Every structure is written in C-alpha cells, then in structure tokens.
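*Asks:* Kindly return the folded structure for what I paste below:
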Amino acid sequence: MASSVLNPDDLICAIDIGTEKTCCVIAKPNENNHGFNIENICSIKSEGIEQSEIVNIKAIANIISKVLSNTEGSKNTKKIKNIVATANIKSCISISTTDSIELPAEEVEISDMENAISKTQLKINKELEKLEAKTKENNEQKNENELNIIANPHYLHCYPIFYNLDGKKCIENPEGLTGKNLYSTLNTIIVSKNTLTDETRAFEKANLKASKIIAAPIATGLACLNKEELNNGALVIDLGAGTTKTSLFFRNQCVYCKIFPFGQNNITQEITNKYGISNDDAERLKKEKGSAILFENYKTKEFQFNSLGDDRKENNVVINQADLCNIIVSNLNNTFTSIFDDIVNKKLFYCFNSIVITGGGANLSGIEDFITNLIQATKKVHKAKMLHVTQKDIDKIFPAFTQSYMTCIGTLSYITTKLLEQEKETREKKKKGFWAKFTKFVENP
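*Replies:* Numbers count the residues shown, from 1 in each chain. Down below sits the predicted model:
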C-alpha cells in the first residue's frame, strides 16, 4: 500500500491556515519515525479568510500555492503533493461518552476493549441530540456555531481516552487486567462538514491532497507539551488572531478541545475604534505599549504615539496608558472567563496542573502574571516552547523565532507518531474483520 502522507524523497508537509498567517513546514522523518528533521519553512499573510472562516476559496488556494512554493525552494520544487493540514474552523464540539460491558471472562482481552468502544460509539449521536435540545432551550446563550455543527456534523477525531475496570480508574490499557465490568470513555471532536469541504476544495485547487485534516488544538499540544505535562494534565491556550483555541491533555490524550470564536483581533479593533488609527497602527501600539497588567501609575501616565495612518503620514496621538491597558485587560477577562467557566462546567478544572499559552497573544506583556492572578496561582503558567525543534533549526531555519509555526510543528509530530505508524499497522494487519470496521471510525490522535 502506497503512503498517503509521504512525498518523493520521504518528505512530509504540514500546513496551517490562520486568520493572519498561513504557515508551511517541510520535513523528513527520522529512522523508525522517531522525530523529524526540518527541511524548510515559510509563512505569508493570509487572504480569503476572516475570523477563521474561508470567504474566498480561490484566494485561499493561491495563498496555499504561494506559501508551498516559497517553502519548497529550488531543492524540492513540485515534489509536494500530499499534505497534512489543520482544520480551519471557527468552532468545534468535543463530546465525552462512556459506556460499559460485562466481561465474559475475568481477564480483559483486546476484543473486550473493542466491544466496549463499539458500544460507547452508539451514544455519540444521542449526546449530540441532547446538546442540540439544551442549546435551543436556552435562547439567551444560543450558540449558532454549535447548532450549525450539529445540523451537519463531521467526526474529525474519535478515540478512547481511558478505561475504567471496576474500581480501577483512568487506565490507559486494561489488557490482561482482571475484573467484571469494563468501561470505555471516548472523546469525539466534531466540526461542520461544510467548513471542512471548503478547505479541502481549496487544497484541491492548489493541486494538493490533504491526506488528513486534524484539529489545530491537538497539534499545538503535541508541539509544546513535555511527557510529564501530557500525562499529569496541561491546558493549552492558543491566543490566535481570529479565534482562541484550547485543548486539555491528560494521561497522554486530548480529553477536551474547544475553539472560541474570538481572538486578539478583537483587542486590535477596539484600539482602532478608540483612537481613530489604522489596524496596523493599533496592532503596533498593542505590542509596543500594551500590557495585561494594569499598574496604579498608569492612570497618570501619558505618551505620544506616532501613527502612520492610512495615508502613511505621521500623526501624533496622545495615549493614556491606563485607557490602553483597560481595553486589553477587559478583553482578556472575557476570554479567560469563558474558557475557565466552560472547563469548570465540564468538571475538568482539576484534571491539569499547568497552563501553557501560545499564539500571538502569548507575546503580550504581562500575560503570564494576568492568568496567574486570575486563577489565584492554583496552576503553573508558562509560555509554550516547541519541543521538537533543535537549536540548529532555530539558528538556521527560524532566524526570527516566533510561535507562528507551533501548530505546524505539532502536525509534523502527529504525522510521524500517529499517521505513519497507523499506515505501518494497516500494511501488517490488512484491516480484517471487526478491526477493519472499527479503525475506519476510531483513531488515536
């Protein structure tokens, strides 16, 4: 069976289309798929997308072709045909479902695990129906994004996150253990089929095949969490321009994934409106003078900001530091309150020990202290680091190191640790019997 992921010369390619930037990274897997070596990278300004929604397929296709061409360079020109991309979505639904079977024998076998998962799968649609009824019932909190997903669902990921065996809880692999009742818990990540179709068509217009499209929050977690964080629990918050993506990892699996339809552009737009300056100037003002911490002396502190304006002429604008920071702090309060409220409602707040922040918003001054103060120092807070990138890569390939490529790096990790391994297993097992039907629906990201 030919690989649907590898390109000539064993090249693999990851593409992430963001509201502000489209990023591409080409790499080669190491021997036995243990890591990868980066060949080249590129990022360019996105077009045809607004707030993580595709509004112009042709423009997106042109951007994809351009970023890939710039990434390949003369060495790898026209070699890339198969890519793995992150889902360009404004929202997603993450549902956990649990069911059990009575074991025919005391010792757990693989067939028992398969039967438990198969039974749990049957509850997913019922959970969607419950969510739809609950969402429609509460008109004040009606979420149109979720209703659109429910009306036209696509199961992006579905995988077991842990098993319970009688009194033993959160077991990663119960095979060989003894008990009477085996419980399986699945996490299913669901997106709008229409949105995914638009992205797939954009790749097709760029003469590319998206071998797999994955949830960006999962890729980001794989890029920046170490083994301890993946196992003991960590919440990853990607503060992007158009959306805020969150994922919670526990026992080496993503147990929660949610995309909030607001991002750092909301702050930029409010600054633009307040001071009558361009979006570019507002973004520059936010980065240079903005802070997530509102100090007492900011109330009397004023400074002149040289705004270039749309006509590119300099205009001095007098800014009060407290007014500027109030805009930032107010938006951040809304963002993180929404995140933590949702996690508390799902009873997941105690499943993680650390919070890892990434994306453009992670570079905002004082952001770590802001989160620490908000949660009253109950968790460790730190900025993300790309674990799969060597110092050599940073020095030679990432001359201006940013967190822009975090999702692409995680996607490459997903390719080497999951997809290539799955293709290997497929060749060996040839997907016979129950396992064939099972693996068509269930995966292990």
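*Asks:* Packing partners of the helix or strand in which residue 159 is found?
*Replies:* Taking DSSP states H and E as the definition, residue 159 sits inside strand 153-165. The contact analysis (3 or more Cβ pairs under 8 Å, 6 or more residues apart in numbering; DSSP states H and E) places strand 153-165 against strand 93-102, helix 110-121, helix 124-137, strand 168-171, strand 181-192, helix 193-205, strand 209-214, strand 253-260. In this view, the C-beta of every residue, glycine as well, is placed from N, C-alpha and C.
*Asks:* longest single helix anywhere in the chain?
*Replies:* helix 321-345 (DSSP state H).
*Asks:* what pLDDT, on average, does it get?
*Replies:* The average pLDDT within helix 321-345 is 95.
*Asks:* neighbouring contacts of the helix or strand just after that helix?
*Replies:* Next along the chain after helix 321-345, taking DSSP H and E as the criterion, comes strand 354-358. Contacts with strand 354-358, where a contact means Cβ atoms under 8 Å, 6 or more residues apart in numbering, come from 220, 224-225, 229, 233-239, 367-368, 371, 375, 379-384, 403, 406.
*Asks:* which residues sit against the host helix or strand of residue 23?
*Replies:* Assigned by DSSP H and E, residue 23 falls within strand 21-29. Strand 21-29 is contacted by residues 9-16, 35-46, 63-64, 67-68, 70-72, 76, 80, 404-405, 407-409, 411-412, 415-416, 420 when judged by Cβ under 8 Å, 6+ apart.
*Asks:* Partner strands of it and their direction?
*Replies:* strand 12-17 (antiparallel), strand 36-45 (antiparallel) (DSSP bridges).
*Asks:* Phi, psi for the nearest residue to residue 287 once chain neighbours are set aside please.
*Replies:* The shortest distance from residue 287 to any non-neighbouring residue, by Cβ to Cβ, 6 or more residues apart in numbering, is to residue 363 (7.2 Å). Here is the backbone geometry of residue 363 (degrees, to the nearest 10): phi -90, psi 0.
*Asks:* pLDDT at residue 363, what is it?
*Replies:* Reported pLDDT for residue 363: 90.
*Asks:* Return the distance of it relative to residue 424.
*Replies:* Separation of residue 363 from residue 424 (Cβ to Cβ, to the nearest Å): 39 Å.
*Asks:* Nearest the middle, which residue of the chain would you pick?
*Replies:* In the chain, the C-alpha nearest the mean C-alpha coordinate belongs to residue 217, at 1.6 Å (Cα atoms, centre = their mean).
*Asks:* Quick one: residues contacting that residue.
*Replies:* Neighbouring residues of residue 217 by Cβ under 8 Å, 6+ apart: 236, 238, 245-247, 254, 257-259.
*Asks:* ok, of the residues you listed, which one's closest to residue 185?
*Replies:* Ranked by distance to residue 185 (Cβ to Cβ), those are led by residue 254 at 12.6 Å.
*Asks:* could you list every residue that touches that closest one?
*Replies:* Residues in contact with residue 254 (Cβ under 8 Å, 6+ apart) are 157, 161, 187, 215, 217-218, 221, 247-248, 445.
*Asks:* And it, how close does it get to residue 217?
*Replies:* Applying Cβ to Cβ to residue 254 and residue 217 gives a distance of 7 Å.
*Asks:* One more: residue 64?
*Replies:* Taking Cβ to Cβ as the measure, residue 64 falls 21 Å from residue 217.
*Asks:* one step back: out of the contacts of strand 354-358, which end up buried?
*Replies:* 220, 224-225, 229, 233-239, 367-368, 371, 379, 381-382, 384, 403, 406 (16 or more other Cβ atoms under 10 Å).
*Asks:* Residue 188 - how many residues pack around it?
*Replies:* By other Cβ atoms under 10 Å, 24 other residues sit near residue 188.
*Asks:* Which per-residue confidence value corresponds to the residue nearest to it when sequence neighbours are not counted?
*Replies:* Among residues not flanking residue 188 along the chain, residue 158 sits closest, at 4.4 Å (Cβ to Cβ, 6+ apart). Looking at residue 158, its pLDDT stands at 93.
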